[in-house]
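K.L.:
Below is the sequence, then the predicted model.
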Amino acid sequence: MAPARVYEGGCLCGYIRYRTEGQPVFPHLCSCRMCRRWSGAPTVAWVEFPMDEIDWCGPGGEPQLFRSSARTQRGSCPLCGSGLCAVDDGYANVSITIGSLDRPNLIVPDARHSHARTRPKWWEARVMHSGNGGG
Ligand SMILES: [Zn+2]
Ligand SMILES: [Zn+2]
């Protein structure tokens, strides 16, 4: 059996770090109002992993959670504020920001762009599927 691919990432300051060998699912973009406000970016790239396969391995442990809607909490670093994850109540997966991965080329968002209509109109997100980018 081939060794599992390892995905690692973390916040800007290094206080919150994560590591997983879980299977990534549903890599996509979202431009909803909450993603924009939470991140400060026009669009957020997300990928889901099984929550129980995420190891929060930095000195800060798990990210600080903020309840952003009735059923969703968003996790960030309490020191530097980096947006790292979102968790829906009762859902087995955690959404991780692709931008926080050490190697963001490993996961390419697919064509699904949630809430594309609420993106800033000067912004056209275009995903480049250019083969095995690596690194
Ligand atoms: Zn931090
Ligand atoms: Zn969103």
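P.N.:
Here it is on my side, so go on. Ligands and ions are numbered 1, 2, ... in the order given.
K.L.:
For residue 67, which non-adjacent residue is spatially closest?
P.N.:
Spatial nearest neighbour of residue 67, chain neighbours left out: residue 73 (5.0 Å); criterion: C-beta to C-beta, 6 or more residues apart in numbering. All C-beta spots, glycine's among them, are computed from the backbone N, C-alpha and C.
K.L.:
Residue 63 now?
P.N.:
Nearest one to residue 63, counting by C-beta to C-beta, 6+ apart, is residue 75 at 3.3 Å.
K.L.:
Can you name the residues bridging to the residue nearest to residue 67?
P.N.:
residue 67, residue 87 (DSSP bridges).
K.L.:
can you check residue 10 too?
P.N.:
Going by DSSP bridges, residue 10 forms beta bridges with residue 17.
K.L.:
circling back: residues touching the residue nearest to residue 67, list them.
P.N.:
Counting by C-beta atoms under 8 Å, 6 or more residues apart in numbering, residue 73 touches 65, 66, 67, 86, 87, 89.
K.L.:
List buried residues within these.
P.N.:
For the contacts of residue 73, a neighbour count by 16 or more other C-beta atoms under 10 Å gives the buried set as 86, 87.
K.L.:
is it true that residue 4 touches residue 21?
P.N.:
Yes: between residue 4 and residue 21 a contact is recorded at 4.0 Å, counting by C-beta atoms under 8 Å.
K.L.:
any idea how far residue 88 is from ligand 2?
P.N.:
Distance of residue 88 to ligand 2, computed by C-beta to the ion, to the nearest Å: 12 Å.
K.L.:
And for residue 22?
P.N.:
Taking C-beta to the ion, one finds residue 22 at 21 Å from ligand 2.
K.L.:
ok, that residue - how many residues close by?
P.N.:
21 (other C-beta atoms under 10 Å).
K.L.:
what does the one 5 residues further on give?
P.N.:
Residue 27 is flanked by 19 other residues according to other C-beta under 10 Å.
K.L.:
Across the sheet, point out what pairs with the spatially most central residue of the chain.
P.N.:
By C-alpha atoms, centre = their mean, the chain has its centre lying nearest to residue 97, at 1.5 Å. Following DSSP bridges, residue 97 is listed with bridge partners residue 46.
K.L.:
Nothing else from me, thank you.
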